[in-house]
Each structure stands twice: as C-alpha cells, then as structure tokens.
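Q: Here is a sequence together with a model predicted from it:
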Amino acid sequence: MSATPFTIERSIAISQPAARIFPYLNDFRRWQDWSPWEGLDPKMERSYSGPEAGVGSGYHWSGNRKAGEGTMTITSADRPDRLALDLNFARPWKAQNTVIFVLTESPDASSTVVDWRMSGTNSGINKIFSKLFNLDKLVGKDFEKGLRQLKTLAESGEVEP
C-alpha cells in the first residue's frame, strides 16, 4: 500500500504584531496556554529538552488514550515570521509529520495572519484510518480551536510573551 501525502492547514488574523505572537509558538512551555490538546488529559506527563526556546527545543508528552504520546522538536525559528517543527507520534499510532507556522504581518504591524500547517504521509493503518475519517475535518477543528485560543491570549494583553 503506497503512502498518500496530506496537508492540513488553518489560518486566523490576530490583532497584534508578529513579534508579540511568535514567543507563544517558539517556547513549548507556552503551548499549555493555547494548544487545543493540552486539556485532553489533566494528568498528562510533559518533559522538555534542549534550549528553552527556538531551534533544538524539544517537548515530549504522554497521556491517556485521547492525548497519546509523542515528541516535537523545533527545527527552524525565523523570528518573527516562521517556525517549523518535527512532530512524531508514538501512540495511539506511529506517525511523522512536519508542522509549520507562518506569521504574515500587515504593513502597519497592527495585525498578523497566523497560518498553521501540518503535512506528512498516510501509510499502513494511518492510510486506512484516513479513508474512514476525514483527517482535515478532525485535525482542522483542533487547529481552529488552538488558533482561537492563541488569538484570545495574544490579544488579551494580560500575559506577556
């Protein structure tokens, strides 16, 4: 069974300059403030490796059936316009994906469009799963939730990045 490539992408406009938003993406410890998956398991175990932020920063999580287990490692951090990371799931199934955030600031820096993109390939059990369930809808709704939470956080002014 040959692998099938996929891309899931969602965007949101945030009324803040890119430099205000980027730190929430560049530091995995900050993901607890906005990530759509952080609430799936209150007992989720987290560990961090490498530098606190930027290239080489790593994050490992292990949780219940809904949260699963995996790692993320920042591979590129072009402040404040682009961040790329490797995302590797260990369970509920194995998968390797690339995640890219692109921040496009308005000319007057009053707002930024944040684009969240994940790409990879479906093969084996993942390919069968993707035929049964629309991955774009399933994961896309999580991306939309996370982007809304990021927008609320960045626009609140309550928490400094």
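A: Received the coordinates, thanks. No experiment lies behind these values; they were computed from the predicted model shown.
Q: Tell me which other helices or strands whichever helix in the chain runs longest touches.
A: The residue-count maximum for a helix in the chain (DSSP state H) belongs to helix 135-156. If you count contacts as 3 or more CB pairs under 8 Å, 6 or more residues apart in numbering; DSSP states H and E, helix 135-156 packs onto strand 4-14, helix 18-26, strand 112-122. Glycine gets a C-beta too; all of them are placed from N, C-alpha and C.
Q: Deepest-packed of these, please.
A: helix 18-26 (a mean of 20; mean count of other CB atoms under 10 Å).
Q: Tell me how far the helix or strand just after it lies from the chain's centre.
A: Following helix 18-26 in sequence order, the next helix or strand is strand 45-49 (DSSP states H and E). Distance of strand 45-49 from its chain centroid, counting by CA atoms, centre = their mean, to the nearest Å, is 16 Å.
Q: Mind listing residues that contact strand 45-49?
A: Phe28, Arg29, Gln32, Ser57, Gly58, Tyr59, His60, Trp61, Ser62, Gly63 (CB atoms under 8 Å, 6 or more residues apart in numbering).
Q: Which helix or strand in this protein has the lowest average pLDDT?
A: Lowest by mean pLDDT, DSSP states H and E among the helices and strands of the chain is helix 125-132, with a mean of 52.
Q: need the helices and strands packed on helix 135-156 in JSON lines with mean pLDDT and distance to Lys141, can you?
A: Output for those, formatted as JSON lines (pLDDT from 0 to 100; distance: least, CB to CB, whole Å):
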{"stretch": "strand 4-14", "mean pLDDT": "93", "distance to Lys141": "9"}
{"stretch": "helix 18-26", "mean pLDDT": "96", "distance to Lys141": "20"}
{"stretch": "strand 112-122", "mean pLDDT": "92", "distance to Lys141": "12"}
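Q: got CSV for those, with distance to Lys145 too?
A: Shown next, in CSV, are the helices and strands packed on helix 135-156 (distance: least, CB to CB, whole Å):
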stretch, distance to Lys145
strand 4-14, 10
helix 18-26, 15
strand 112-122, 11
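Q: Put the buried members of the contacts of strand 45-49 into a ChimeraX selection.
A: Of the contacts of strand 45-49, the buried ones go into a single ChimeraX selection, burial set by 16 or more other CB atoms under 10 Å:
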select :28,57,58,59,60,61,62,63
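Q: out of the contacts of strand 45-49, who's nearest Asp81?
A: Comparing the contacts of strand 45-49 against Asp81 with CB to CB places Ser57 closest, at 17.7 Å.
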